[in-house]
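1. Output the structure for:
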Amino acid sequence: MDRVESLEQSFFDKEVLSTEYLLRYRRAYYRHLQDGWQLAFKNYESILDCLASIYENDNQYGKSYCFRIKREPGNMRSCEAIMSEAFVHSYYIPLKNEELIKSIELIEEECDLIIEDVLGDKRFYESQGYSVKVNLKTGELGSGDYDWSNNLFDDKNTKYIYAIEWFDKSDYSQRRILINWNYKGE
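-> Predicted structure coming up:
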């Protein structure tokens, strides 16, 4: 049994493992290993680790991320946004444990995350591309969703691009990858 199989066996929400989103990452993970590719930071194993660390820190938050993925299991755009938020969330867990920040809150109605520092100041995190619908008659906020209308992967000319990898200037060790959910080639 490899590490991924061990993670799957002990994972707190077996149902989310069978979503199209995670199954695609699982297939890509093993294909990359088989072909000798270097695994990117965001891969099936790191996704499972991320969700498990959130769950271990706060069961409800871990369940919330999985619930949201299961709500739209084939919507790669939405699931990518959810996991981006989860990776940010998991980054702050060690800082909270070391008491460098006071709290991490997941309040979907307000924003993605609220991070409170030790001085009591709060930072509100929202994944880019999120749009909120406003009822023009009443002025009340309605439902919100991610605006993917200007997405590179929806262009028919990019269907043979497997993924995009990027990093901050001169910080090659923190490479990130976004898999093209519309990939059509081999």
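
2. Averaging pLDDT per element, find the lowest-scoring helix or strand in the protein.
-> Across the helices and strands of the chain, mean confidence by mean pLDDT, DSSP states H and E is lowest for strand 130-134: a mean of 52.

3. Let's verify Phe124: helix, strand, or coil?
-> Put simply, Phe124 is strand when judged by DSSP: H, G, I helix; E, B strand; the rest coil.

4. Settle this for me: it is touching Ile107, isn't it.
-> No. If you go by C-beta atoms under 8 Å, Phe124 and Ile107 don't touch, sitting 9.3 Å apart. Backbone N, C-alpha and C define where each C-beta goes, glycine included.

5. Mutual contacts of those two, please.
-> Ile114 (C-beta atoms under 8 Å, 6 or more residues apart in numbering).

6. give me the low-pLDDT residue ranges for this protein?
-> Scanning the chain with the threshold set as pLDDT under 70 gives 108-111, 125-126, 128-152, 165-175, 185-186.

7. cutoff 80 now
-> Residue ranges of the chain with pLDDT under 80: 38-41, 107-112, 121-186.

8. Could you pull up the residues touching the residue nearest the centre of the chain?
-> What sits nearest the mean C-alpha location of the chain, by C-alpha atoms, centre = their mean, is Met83, with 0.8 Å. Going by C-beta under 8 Å, 6+ apart, Met83 touches Lys42, Ile47, Cys50, Tyr65, Ile69.

9. Pretty sure it sits in a helix.
-> Yes. Using three-state DSSP, the assignment for Met83 is a helix.
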